[in-house]
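Trainee: have a look; sequence and predicted model below, questions after that.
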Amino acid sequence: MKKGLLMSTAALFAFSAAAGSASAAHEGRTFTADLTPEAETMEVNSEAEGSAVVNVSEDGESLDFSLSAYELEGAVAGHLHSGPEGEDGPVELFLFENDEAMDYDGEIASGTLTEDDLVGDLSWEEFSMALVAGDIYVNVHTEAFPDGEIRGQLMDEEEEEGDMMPDTAGSGPLYAMIGLLTAAAGGGLMLSRCKKAEA
């Protein structure tokens with residue numbers, strides 16, 4: 001009985017630790033997005049395009065971002081939204097907001113964002129997990145297209161490079177979780193066999 005309790009408790013702590021590591025996998029990483037009219041969920045007739053870069057601090061407590069656009073006319077705001085590709089989602093963070101519409105052919109905005117800048121329902125941890133999952137997108141709104149003229153999903157730069165070797169920094173928590181669950185399952189099997197032997 002004591003052995004079974006110890007095994008269950010150890011497995012629970014191991015799983016919790018691995019899950020915590022997985023949620024922190026964004027720390028120190030860079031996420032990029034190519035912004036295009038085609039990525040919007042509705043038809044947008046525009047020649048504008050852009051890019052965004054988000055660098056996560058080593059402690060995961062802040063984001064440094066830069067946002068650029070070309071041939072973009074009448075821009076009024078840019079945000080980070082939560083939502084998968086092809087779906088609209090709520091605003092989570094403001095990148096910029098203009099009192100008057102402006103045209104851009106280069107950098108629009110840059111800065112640092114923290115938990116205090118969140119405007120949506122997500123916590124900082126939830127936002128970070130959505131970022132790692134590829135469920136955060138950049139959307140730039142204009143007078144002509146108030147719902148968004150150019151958009152792009154933020155993706156992990158290293159994953160985008162398509163490395164053939166496993167990324168130990170990003171995949172490590174996942175492998176650790178799988179290993180711990182496997183070990184826990186194996187331990188449970190061994191315990192079951194011991195009980196049968198004792199019987």
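Mentor: Ah, there it is.
Trainee: and the helices in the protein?
Mentor: 2-23, 124-132, 157-160, 168-198 (DSSP state H).
Trainee: list the contacts for His79?
Mentor: Counting by CB atoms under 8 Å, 6 or more residues apart in numbering, His79 makes contact with Val91, Glu92, Leu93, Phe94, Leu95, Val138, Asn139, His141. For the C-beta atoms, the positions are set from N, CA and C on the backbone; glycine is no exception.
Trainee: you'd agree the fourth one is up against Val119?
Mentor: Yes. Using CB atoms under 8 Å as the test, Phe94 is close enough to Val119 to be in contact (6.6 Å).
Trainee: neighbour count: these two, which is higher?
Mentor: Phe94 (16 against 12; other CB atoms under 10 Å).
Trainee: skipping its backbone neighbours, what lies nearest the more buried one in space?
Mentor: What sits nearest to Phe94 in space, not counting adjacent residues and going by CB to CB, 6 or more residues apart in numbering, is His79, at 5.8 Å.
Trainee: give the bridge partners for that neighbour, please.
Mentor: For His79, the beta-bridge partners are Phe94, Asn139 (DSSP bridges).
Trainee: distance of it relative to Glu58?
Mentor: From His79 across to Glu58, the span is 25 Å (CB to CB, to the nearest Å).
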